[in-house]
Structure formats: structure tokens, C-alpha cells
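*Asks:* the sequence and its predicted three-dimensional model are supplied below.
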Amino acid sequence: MAQPIRFELLRRDGHSQARRGRLTTPHGVIETPVFMPVGTQATVKTMAPWELKEIGAGIILSNTYHLHLRPGEQLIDRAGGLHGFMNWDGAVLTDSGGFQVFSLADLRKITDDGVSFRSHLDGSSHSFTPESVMAIENALGADIIMAFDECPPYPATRAYVETSLRRTVDWAQRCKASHQRPEEQGLFGIVQGGEFLDLRKEAALRLIDLDFPGYAIGGLSVGEPKPLMYDILAYTTPWLPVDKPRYLMGVGSPDDLFEGVERGVDMFDCVLPTRIARNGTVLTSEGKRVMKNARYSDDFLPLDPDCDCRVCKTFSRAYIRHLIKADEVLGIRLTSYHNVYFMLDLMKRIRQSIEADRFLGYKQEFYERYGYNEK
Ligand SMILES: Nc1nc2c(CCNCC3CCCC3)c3[nH]c(NCCc4ccccc4)nc3cc2c(=O)[nH]1
């Protein structure tokens, strides 16, 4: 059976769990570790596909929950799937919607069969089951599709997490059984288990038995303390196959990327860069900058003097502050473009540091410059 997703492990760091890899998909080759910009409603907010292409984005995310509610997967299927609808010829990954049901929808009810909920848009009633979610993701046509899972809240009792984990594994098996296009779309399993390490191990081993082309680590970045997230991650990744990609869902900020790579993660996604851009906050090598701050009113330097992006080569902090203050749409286009470029460029530098056997050195160097005080 032809596999649509193939992962090659190119190099393992000798001083950490960091890995350099290559993910081959039907829509291009993705170098890992990789940051995947989030395009919830079939667009990375404010950015055109040609801009994503020019800054080197190889894969973007979209979402079953949002697209099912609006415009509906049938329309997108008729448009040629997400690739045709968005006219994006790079790779696409769709999340399965479970997480969004719990973070967005109203009146959710979860049973062993699936989840019923009311749309956050118009209150209409819907239900997701592993089978119905696979049908939606098959229609959207992403290259990588996520199994339908439940992401338990944090904190949650061990009893709740245990029940939820077994449901998620059962749902993963049902997703695999009902996946209509296994030769074109790689289905990833999602490891749950909350903060309970023995449950994380059980989840990993039971998903491995189902033999997926890749494995996501879910249930993290849901309000738990960062040290706990890192410890759960460090415990979980070694149980996963070394020759398959590991995807840490919903993570993260620049420091989270370093900590995740160090603990064996290959793929990341986060709304942070595009979300903070929309309130005028930009990521730079010297930390975050809140562009509305008066200190930038007559600062004619680029957002980040170290950045080679078109925004940093064309505009000043003073001009971008003016646009944000004046609520000019160009303002958030420029901050979004720069923030996504920053994350992609950071991952490129991380990949190069692993190749040069100096990942931990580069991490130290980045942390010293980035600092953690807002500027
Ligand atoms: N299926 C599934 N998805 C998860 C997600 C969504 C990942 N992004 C999906 C994209 C597809 C489209 C929408 C997003 C998560 N996101 C987070 N944290 C985000 C925390 C955060 C929130 C806001 C700003 C910054 C960080 N934890 C997550 C856990 C899971 C999980 O277990 N299962």
C-alpha cells in the first residue's frame, strides 16, 4: 500500500533528543523540525498564498470544526479540496475538531460514540463521530489528517483522563477503519494521558499498535505549568517510534520550540504569531515588541535589525506603529507577515544548528538575546 507520508531521520543530536528530518508529502518535502502556520478558516489570517510561499512556508494547518460549520466540506470538496479552494500547492494538515469543539462550541455532550455540540456561529446542532470527522477530513483533502480525539481539560482527575484516553484510542481505531483515502492522506494518531506518565505510556503503546505514519502529542499547552509540559513531553517522546514524526499540538512560542525540539519533537503549530500580530505585537531576536508603545513613535529602525524579511527591509517601527495606532489594515498585514517569517526563520536556524552539532549552543545564544521582558 503506497504511503502518502514518508519520514526520513537525517541526524540525531548527540547531546539532546533533537532530530533533523525530512517529511515527504504529496504536496512537497517538509524539512523538520518545522513550524506550521495556522490557517483556521482556510487562510493564514491576512496572508495570501504567494506570500506564504515567498517566506518558505511548506505546510499550513486548517480545521475540521470551523470549515464544517462554514462553508461546509461539500463546497470545498467541489472546489478541489482545500488545495483548490485556497489555491495553495504546498502541504496542508487538518486538525480533527475535537479540541475546537471543547474550546469554542456550546452545550457539548461527549459519549463513547462521539461529541454532540451546538455551533458557536448560529447555535445549530451538530455531532462529530470518528466516522463523520474522517468523512469531513477526506473531503477537505489535506495531506495529513488528525484522528478524532478528546483533549482532557487541565487539571483533570486520573479517572477522567483514563476513561478519556481509552475513548481516544478506540476513536483512533475507528478513524483508521473508516479513512476513505489512506493512499493520499496520512492519518496521525494523537497521544493523550494528561499529566499521568503511566497513562501517557499506555496511550503511546496502544496507538503504536495501530501503526500510524506519524504521532501527535495532545493534551498539552492547556494551562498546565510549562515545566510540567516539558516533563510530560520528555517522558512521552522516547516511547514513540524513532523513525516516525512527532507533532506537538498547539505549541508554541519561540522558547517552547527550543524546549520541544530538545525533547524530540519534529512538528509544531501555534496561533500565537498571527494572533499577537493582530494586536500589534511582534517577535524579534531581542524579544517581543508591543508596537503601540510610544517609544517606537520616532524609531526609524526595522522591527528586527537581524531580520531579512521584506517588512524589515522596507518599513520602520515608526511607520508600523502609526499604521497600528491608526487601525490601518496594512499594519496587521505587516506584523503578521513578519511574525510568521520570524517563526519559519527560527526553525531554519534550529535545523542548521542540529546539522552543525551546535543545537544547545544556539539555544543558549538565542535565550540570552531574546530575554523575557516585553520591550
Ligand atoms: N486535536 C487536538 N488538537 C489540539 C490543539 C489544537 C492544535 N492547533 C490546531 C489548529 C488548527 C486550526 C486551529 C488551530 C491544541 N492546542 C493546544 N494549545 C493551544 C494553546 C494556545 C492557545 C492560544 C494561543 C496560543 C496557544 N493544545 C492542544 C491540544 C490538542 C489536542 O490534544 N488534540
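*Replies:* On my side now, so go ahead.
*Asks:* when you work out contacts or count neighbours from here on, use the C-alpha atoms and nothing else.
*Replies:* Will do.
*Asks:* ok, then the element right after the longest helix along the chain?
*Replies:* Criterion DSSP state H: the longest helix present in the chain is helix 329-355. For helix 329-355, the succeeding helix or strand toward the C-terminus, using DSSP states H and E, is helix 359-370.
*Asks:* that following helix - contacts with which helices or strands?
*Replies:* Judged by 3 or more C-alpha pairs under 8 Å, 6 or more residues apart in numbering; DSSP states H and E, helix 359-370 is in contact with helix 329-355.
*Asks:* mind listing what's buried along the helix it packs on?
*Replies:* Buried residues in helix 329-355, counted by 16 or more other C-alpha atoms under 10 Å: 331-348, 350-351, 353-355.
*Asks:* tell me the secondary structure at the most far-flung residue of the chain relative to its centre.
*Replies:* Going by C-alpha atoms, centre = their mean, the residue of the chain most distant from its centre is Asp298, 35.9 Å out. Three-state call for Asp298 (DSSP: H, G, I helix; E, B strand; the rest coil): coil.
*Asks:* what does Pro4 give?
*Replies:* Per three-state DSSP, the local secondary structure of Pro4 is coil.
*Asks:* look at it and say how many residues are nearby.
*Replies:* 19 (other C-alpha atoms under 10 Å).
*Asks:* contacting residues for it?
*Replies:* Residues near Pro4 by C-alpha atoms under 8 Å, 6 or more residues apart in numbering: 24-26, 143, 182-186.
*Asks:* what bridges to the residue nearest the centre of the chain?
*Replies:* Note on the chain: the residue nearest the mean C-alpha position is Asp269, at 1.6 Å, using C-alpha atoms, centre = their mean. With DSSP bridges as the criterion, Asp269 is bridged to Met36.
*Asks:* measure it to Phe35 for me?
*Replies:* Computed as C-alpha to C-alpha, to the nearest Å, the Asp269 to Phe35 distance reads 6 Å.
*Asks:* equivalent analysis for Lys53, please.
*Replies:* The value you get for Lys53 to Phe35, if C-alpha to C-alpha is used, is 14 Å.
*Asks:* look at those two and report which has more neighbours.
*Replies:* Taking other C-alpha under 10 Å, Lys53 and Phe35 do not tie; Phe35 has more neighbours (26 against 14).
*Asks:* so the more buried one touches Tyr341, yeah?
*Replies:* No. Using C-alpha atoms under 8 Å, Phe35 makes no contact with Tyr341, being 10.3 Å away.
*Asks:* what residues sit buried inside stretch 36-55?
*Replies:* 36-47, 52, 55.
*Asks:* out of those, list just those in strands.
*Replies:* 36-37 (DSSP state E).
*Asks:* can you show me the strands along the stretch 51-200 of the chain?
*Replies:* Taking DSSP state E, counting those that start in this stretch to define them, one finds strands in the stretch 51-200 of the chain at 59-63, 91-95, 106-110, 115-118, 125-128, 144-146, 186-191.
*Asks:* now what about the fifth one, what contacts it?
*Replies:* This means strand 125-128. With C-alpha under 8 Å, 6+ apart, strand 125-128 has contacts from 114-119.
*Asks:* nearest to Leu82, of those?
*Replies:* Lowest distance from Leu82 to the contacts of strand 125-128 (C-alpha to C-alpha) belongs to Ser119, with 21.5 Å.
*Asks:* so how far is Thr64 from the closest residue to that closest one other than its chain neighbours?
*Replies:* Excluding the flanking residues, the one nearest Ser119 by C-alpha to C-alpha, 6 or more residues apart in numbering is Ala105, at 5.5 Å. The gap separating Ala105 from Thr64 is 13 Å, by C-alpha to C-alpha.
*Asks:* neighbour count winner among the two?
*Replies:* Higher neighbour count among Ala105 and Thr64: Thr64, with 25 against 18, using other C-alpha under 10 Å.
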